[in-house]
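**Q** With the input below, show me the fold.
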Amino acid sequence: VEAIGAVFSTQASTSRVRPQDASKDKERLKKVTEYVERYGKDHRCFIVIETDSGNSIVIEDSPKEGTARRIDHPQNLADRTSLAKVTRAAECRMARLSVGEIPTCETDVYAWATGESRDLRFRVS
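**A** Just a heads-up that it's a prediction; the model follows:
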C-alpha cells in the first residue's frame with residue numbers, strides 16, 4: 001500500500017484572463033461552490049460560479065475589507081480548488097440567473113445564486 005504524504009503544484013499562481021475568455025453576460029449560472037483555502041498563516045474563502053457554457057468565475061475577498069473581486073476563468077483554478085476545501089455547493093439552474101446579473105448583487109453571492117438565506121461577506125458592488 002502506497003501513501004501520499006504531500007502534493008506539490010508547479011504551476012505559477014496567476015489569474016490573468018484574456019478578454020475573449022471573459023464570461024458572457026447572457027450565460028446562465030449552473031453551479032456555485034464555496035471553498036476555504038490557506039492564505040499565509042490565515043485562511044480565506046472564495047466562490048466558484050460555473051456557467052452552462054463551461055466558463056468559471058471566481059468571487060473572492062480583496063485586500064480591502066468588505067469588498068470582493070471577480071475573476072473570469074482564472075488559469076490556476078484547478079490547482080487552487082484541489083488545494084482548498086469545499087464548504088458548500090449547490091446547483092442553481094432553477095434560479096435562471098445569468099452572469100450579467102452578478103454585478104447587481106448587493107447581498108451574499110452564494111445566497112443570491114442558490115436562494116439560501118445564510119449571510120456571509122461575499123458581496124459584489
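**Q** any chance you could map the strands in this structure?
**A** 29-39, 42-51, 56-61, 68-72, 85-91 (DSSP state E).
**Q** would you list those strands in CSV and tack on mean pLDDT, mean neighbour count and distance to residue 115?
**A** In short, each C-beta sits where N, CA and C put it, glycine included. Below are these laid out as CSV (pLDDT from 0 to 100; neighbours: other C-beta atoms under 10 Å; distance: least, C-beta to C-beta, whole Å):
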stretch, mean pLDDT, mean neighbour count, distance to residue 115
strand 29-39, 91, 18, 10
strand 42-51, 89, 18, 14
strand 56-61, 87, 20, 17
strand 68-72, 84, 18, 20
strand 85-91, 92, 13, 8
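**Q** Which among those strands is found nearest to residue 97?
**A** strand 29-39 (4.7 Å; C-beta to C-beta).
**Q** the inter-axis angle of that closest one versus strand 42-51?
**A** Angle between the axes of strand 29-39 and strand 42-51 is 160 degrees (criterion: axes from the mean of the first three to the mean of the last three C-alpha atoms, to 10 degrees).
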